[in-house]
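[1] need coordinates for the below:
(4 chains)
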Number of protein chains: 2
Amino acid sequence: MDDTLALASFLALSNATRLKILKCLVSAGTDGMLAGDVALAADATPSRASFHLANLQETGMITSTRKSRHISYAVNYDAVGELMKYLLQDCCQNNETVRMCCTSSECC
Amino acid sequence: MDDTLALASFLALSNATRLKILKCLVSAGTDGMLAGDVALAADATPSRASFHLANLQETGMITSTRKSRHISYAVNYDAVGELMKYLLQDCCQNNETVRMCCTSSECC
DNA sequence: CTTTCATTTCAAGAATCATTGAAATATAAG
DNA sequence: CTTATATTTCAATGATTCTTGAAATGAAAG
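    Predicted structure coming up:
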């Protein structure tokens, strides 16, 4: 991952509404979630949800597929993983302490 | 880690100068780096470097210790690890794909 | 105690980002 | 073809963040 995408991804994660949306989509699973439902779940107007969904999609962390009149959004775990990898390896030079936080569910 | 700290940490990482500073401090090792040297390395004015160092310190990802007239900054890997953990566990519900990106140096 | 050096703080302006509501687009149904 | 539904786009405003340079602080040396 290049620095520009990493910066954009961190910026995307730095907004409360977008973080909420990401968590919703994780909970929704592989089927994803319709834009309207995301707006309801995130307590945002359709316009606002759309804005933040587009922002997240620009970073690659979520994807969208149209389903007739609706649009379904889903998490792209590969992209999130790439960001984790960037933080661990490119930023922290694969530091042991940082890496240990992710090697088991019981950590830190 | 609570959401507020996570949001502030992601915001801190979303700035090019701050990301550069963090990488410098990682390279500097446990001894850390003097504020003035950070400014030089990050190609920023002392004032600007100080602003970004303070911002990073607020998130806990770096620490400072005064050494006579100088102030030395160093990375706090525990805090960075906590953020990784938040992203992996709290956001991604410990998703396998995301976790795999951090379990070995050869991954993704 | 004065000076010097390293760093921070502050205020102002510039830049970026977020919110709002209305209008536009796309798809399907009658 | 017209209407209804779902979503996005747009422009304007508001809010937050960043940069800059000058002044203030803190610590050591003469």
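[2] I'd say residue A:31 and residue A:74 touch.
    Yes: with contacts counted by CB atoms under 8 Å, residue A:31 reaches residue A:74, the gap being 7.3 Å. Glycine gets a C-beta too; all of them are placed from N, C-alpha and C.
[3] for those two, indicate the residue with more neighbours.
    Neighbour totals were compared for residue A:31 and residue A:74, and residue A:74 leads with 17 against 9 (other CB atoms under 10 Å in any protein chain shown).
[4] DNA strand D versus the more buried one, what's the distance?
    13 Å (CB to the nearest atom of the strand, to the nearest Å).
[5] can you tell me what sits against stretch A:72-84?
    Residues outside stretch A:72-84 that contact it (CB atoms under 8 Å, 6 or more residues apart in numbering or on different chains) are A:1, A:6, A:9-10, A:22, A:25-26, A:28, A:30-35, A:38, A:53, A:57, A:59-66, A:102, B:84, B:87-88, B:91-92, B:95, B:97-102, B:108.
[6] same question but for stretch A:27-36, I mixed them up
    With CB under 8 Å, 6+ apart, stretch A:27-36 has contacts from A:24-25, A:41, A:46, A:49-50, A:53, A:63, A:65, A:67, A:70-74, B:93.
[7] among these, the buried ones, what's the ChimeraX command?
    The ChimeraX selection below is limited to those of the contacts of stretch A:27-36 classed as buried (16 or more other CB atoms under 10 Å in any protein chain shown):
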select /A:24,25,41,49,50,53,71,72,73,74
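[8] tell me which of the contacts of stretch A:27-36 has the lowest pLDDT.
    Minimum pLDDT across the contacts of stretch A:27-36 is recorded for residue A:67, with 94.
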